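1. give me a model of this one.
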Amino acid sequence: MKKLLSITLCLIMLLSLASCGNKDDNASSNNNSSESSIVSEASKMETPSSVSADTPGEQTASVAAIADAVKAAYAESYIPSMSYSKEEISEKFGLTEDMYDDIIAEGPMISVHVDTFIAVHAKPNKTADVETALNNYRQSLIDNLMQYPMNQIKIQASVVESMGDYVFFIMLGEIPTSIEEQGEEETLKYAQQENQIAIDTIKSVLTGSN
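-> Take a look at the predicted model:
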């Protein structure tokens, strides 16, 4: 009987120890799971968000795409048909390669026309330099209006337009004889409206609303 009682007590003790061991293992497992979950959430919080498309200096449209949209807007009234090389762009417009990372400059094949379109995507911190160069070019045309007697009003109506990192020189559109017959004031107003076609088209492309 004593032996039987001893064996029974030993079995009870062993079962109690095994039960405690399982509880400790489960608690440890639950703790590890909780810690992993916390680490995972912390990692998500520390992960940097993606850079916004509106980050300054980031290009949102190629100047080629903008130029194509402008040409389509004017259709047969778009006169510039000659593309300037980088060397010509530097000499004629004062735009050096350190100022931009994307550019298109087009002018007329025939000298009797002055229609010109320049689209520039400036490098970071170079937008003001591009704008100054194009304003200087525009002023040089105005200072020499007598060289372009047929296009004086079109030159006066020309515009340098900045939109973010983009800068444009716009001197486009046709002026009907019927408008010219109404006098210089009406002709200038009409020429400005013609340039506005390009401005509106460019804004549409850059905002993605076209």
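2. part of a strand, is His121?
-> Yes. Secondary structure of His121 (DSSP: H, G, I helix; E, B strand; the rest coil): part of a strand.
3. what is it paired to in the beta sheet?
-> Counting by DSSP bridges, His121 forms beta bridges with Asp102, Tyr166.
4. mind listing what it touches?
-> His121 is in contact with 59, 62-63, 100-103, 165-166, counting by C-beta atoms under 8 Å, 6 or more residues apart in numbering. The C-beta positions use only the backbone N, C-alpha and C, and glycine is treated the same way.
5. which of the residues you listed count as buried?
-> Buried residues within the contacts of His121, counting neighbours by 16 or more other C-beta atoms under 10 Å: 63, 100-103, 165-166.
6. ok, so of those, who is nearest Glu88?
-> When the buried ones among the contacts of His121 are compared for distance to Glu88, the smallest value, 11.4 Å, is given by Ile103; criterion: C-beta to C-beta.
7. contacts only, for the closest residue to that closest one other than its chain neighbours.
-> Here the nearest residue to Ile103 in space, its sequence neighbours aside, is Val120; by C-beta to C-beta, 6 or more residues apart in numbering that works out to 5.0 Å. Each residue near Val120 by C-beta under 8 Å, 6+ apart is listed here: 63, 95, 99-100, 102-103, 130, 134, 166-168.
8. re earlier: got the contacts of His121 as a markdown table, with distance to Lys126 columns?
-> Written out in a markdown table, the entries for the contacts of His121 read as follows (distance: C-beta to C-beta, whole Å):
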| residue | distance to Lys126 |
| --- | --- |
| Gln59 | 13 |
| Ser62 | 18 |
| Val63 | 15 |
| Tyr100 | 7 |
| Asp101 | 9 |
| Asp102 | 12 |
| Ile103 | 12 |
| Asp165 | 9 |
| Tyr166 | 12 |
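9. any idea which of those the model trusts least?
-> Lowest-confidence member of the contacts of His121: Gln59, scoring 59 (pLDDT).
10. just the CA atoms from the helix or strand hosting Ile66 would do, formatted as CSV, please.
-> Taking DSSP states H and E as the criterion, Ile66 maps to helix 63-74. Listed next in CSV are the C-alpha coordinates belonging to helix 63-74 (Å, rounded to 0.1, in the frame of the first residue of the first chain):
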residue,chain,number,x,y,z
VAL,A,63,8.5,69.6,-73.4
ALA,A,64,7.9,67.5,-76.5
ALA,A,65,4.4,66.6,-75.3
ILE,A,66,3.7,70.2,-74.5
ALA,A,67,4.9,71.4,-77.9
ASP,A,68,2.8,68.7,-79.6
ALA,A,69,-0.3,69.9,-77.8
VAL,A,70,0.4,73.6,-78.7
LYS,A,71,0.9,72.7,-82.3
ALA,A,72,-2.4,70.8,-82.3
ALA,A,73,-4.2,73.8,-80.7
TYR,A,74,-3.1,76.1,-83.5
